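> build me a structure from this.
(one chain, ligands or ions: 2)
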Amino acid sequence: MSVLQIDDLHTYFDTESGTVRAVEGIDLTIEAGEIVGLVGESGSGKSVTASSIMDLVQHPGRIADGTVRYDGQDVLSLSEDELAELRGGEISMIFQDPMDAFNPTQTVGRQLHDVLRSHREGSVHPLVRALGLDHDADCKAAVVEMLDAVGIPNPEARYSDYPHEFSGGMIQRAMVGMALLCDPKLVLADEPTTGLDVSIERQILGLFKDLVEELDTAVLWITHDLSVVAKLCDRVVVMYAGKVMEVGSTEAVLSDPASPYTQALLDSIPRYDRPDEEMYVMEGDVPDPLNRPDGCRFADRCPEVHDRCHDHHPPRFDTGDREVACYLAEGDAE
Ligand SMILES: Nc1ncnc2c1ncn2[C@@H]1O[C@H](COP(=O)(O)OP(=O)(O)OP(=O)(O)O)[C@@H](O)[C@H]1O
Ligand code: NI
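Numbering: from 1, shown residues only. Ligands and ions are numbered 1, 2, ... in the order given. This next block holds a predicted model:
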C-alpha cells in the first residue's frame with residue numbers, strides 16, 4: 001500500500017470574480033521511503049495540492065472532487081480530531097517561513113519538547129523509544145539529540161534559545177528536526193529552503209536526505225528549483241496550471257524530458273558551466289486561473305504546438321519509464 005495516494009484531485013476557490021481551478025484532476029502516489037519532488041512555476045497549484053492532502057484548504061477553497069488516501073485511510077472523510085492527530089505526528093510539514101512553525105514567545109527546545117509529548121501515543125522516533133518517554137528529562141535528551149542530528153552546534157545551550165536567536169539556516173534546521181522528531185511516515189515540505197544561501201541549502205538538503213533515508217520516511221518536496229529536485233528526489237511530478245504534465249524518475253525526466261513544458265523549465269535554468277550561452281526565457285505567462293484554455297494548458301506557450309492541442313488537454317500517456325500529458329508522447333505510449 002502506498003503511503004500517499006491522490007486520485008483525480010480537484011481543488012477550487014470560489015472567488016468574487018469566479019471559480020479559480022487551482023488543481024484540476026491530479027493523481028500522485030508516494031511509496032514508503034520515497035522522496036517525490038513537485039515542481040512547476042508560481043501559481044501552478046503546488047501549495048494548494050499540499051494543503052489539500054492535509055485537508056487544510058481554507059474558505060473560499062474547497063476540494064471539489066477526488067480522493068486522498070494516507071496509509072489506506074480516506075483523509076478527506078476524517079474528523080477534525082483524527083486529522084489533528086495525524087498532523088504533526090504521522091504526517092508533518094515543513095514550510096518556507098520557519099516563523100509559521102515556531103511560536104516566537106517560547107524557546108525552540110520547549111516547542112520541540114511539546115511536539116514530542118503531544119504525539120507520544122503515535123509512532124515515536126526510535127531514539128525516543130529507546131530513551132523512554134516517562135520523564136521530561138528524557139524528552140529533553142531526545143530533543144537535544146535531534147538538534148544535534150540536524151547539525152546545530154551546542155544543542156544543549158541552543159535548547160533554551162528563542163527562535164529569533166537562531167540564524168536563518170539554523171532555525172530552518174530546527175524546523176527539519178521538529179518535522180522528523182516523531183518519526184513521521186510522510187513529510188510535506190513546501191519550498192523550505194527557498195531564499196537560503198546556496199551552500200546552506202545544500203547542507204540542509206544533504207542532511208535531510210540522510211535522515212529520511214535512515215527513518216524510511218516518504219516525502220513530498222515542493223520546489224520551483226529543478227536543481228533541488230536533482231539533488232534530493234527519486235521521482236518528480238511536473239505541474240503546470242493545475243495539471244500534471246509529466247511524472248517519472250528524476251533521472252529519466254531531467255536527462256530526457258518528454259513534455260515540452262519540462263524541456264522549457266530545464267532550458268530556463270542558468271548554466272554556470274556555460275555562462276556565455278544565452279539563457280532561454282519562456283515566453284508568456286501561466287494562464288489566468290479564471291480563464292484557462294480548454295486544450296492543453298501549455299499550448300499558448302509551447303514551441304511544438306499542434307492544432308489539436310487547442311481542443312482537449314491531452315490524457316496522460318504511459319511510455320514505460322514515465323507518464324506524459326502531451327500528444328507528442330502518444331506514439332511512444334505502451
Ligand atoms: N485563497 C485563495 N483564493 C483564491 N485563489 C487562490 C487562493 N489560494 C490559492 N489560489 C490560487 O490557486 C492557484 C495555485 O496556487 P498555489 O499557491 O498552489 O501555487 P504554487 O504552485 O504553490 O505557486 P508558488 O510557487 O508561487 O508558491 C493560484 O492561481 C492561486 O492564485
Ligand atoms: Ni506555493
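> those residues of this protein touching ligand 1, which are they?
13, 15, 20, 22, 40, 42-48, 61, 224, 289 (C-beta under 6 Å from any ligand atom). All C-beta atoms are positioned from the backbone trio N, CA, C, and that covers glycine.
> out of these, who's near ligand 2?
46, 47 (C-beta under 5 Å from the ion).
> ok now do the residue nearest to residue 86 when sequence neighbours are not counted, which residues does it touch?
Of all residues beyond its chain neighbours, the one nearest residue 86 is residue 70 (6.9 Å), with distances taken as C-beta to C-beta, 6 or more residues apart in numbering. Residues counted as contacts of residue 70 (C-beta atoms under 8 Å, 6 or more residues apart in numbering) are 3, 4, 53, 86, 90, 91, 186.
> what is the burial count for the residue of the stretch 101-250 of the chain found nearest ligand 1?
Closest residue of the stretch 101-250 of the chain to ligand 1, C-beta to the nearest ligand atom: residue 224 (5.2 Å). Neighbour count for residue 224, taken as other C-beta atoms under 10 Å: 16.
> what of residue 155?
20.
> gap between it and residue 162?
Per C-beta to C-beta, to the nearest Å, residue 155 is found 15 Å from residue 162.
> and which of the contacts of residue 70 is nearest ligand 1?
Using C-beta to the nearest ligand atom, the shortest approach to ligand 1 within the contacts of residue 70 belongs to residue 53, at 12.0 Å.
> on the strand side of things, show who the spatially closest residue to that closest one that is not a sequence neighbour bridges to.
Leaving aside its chain neighbours, residue 53 sits nearest to residue 68 (5.5 Å; criterion: C-beta to C-beta, 6+ apart). Under DSSP bridges, the beta-bridge partners of residue 68 are residue 6.
> list the residues that contact residue 68.
Contacts of residue 68 (C-beta under 8 Å, 6+ apart): 4, 5, 6, 9, 52, 53, 55, 74, 75, 76.
> make a ChimeraX selection of whichever of those turn out to be buried.
Restricted to buried positions by 16 or more other C-beta atoms under 10 Å, the ChimeraX selection for the contacts of residue 68 reads:
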select :4,5,6,9,52,53,55,75
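> by pLDDT, give me the weakest of the contacts of residue 68.
Confidence by pLDDT is poorest for residue 55 among these, given 93.
> quick one: contacts for it?
Counting by C-beta under 8 Å, 6+ apart, residue 55 touches 63, 68, 75, 76, 78, 83.
> and residue 28, what element?
Using DSSP states H and E, residue 28 sits in strand 18-30.
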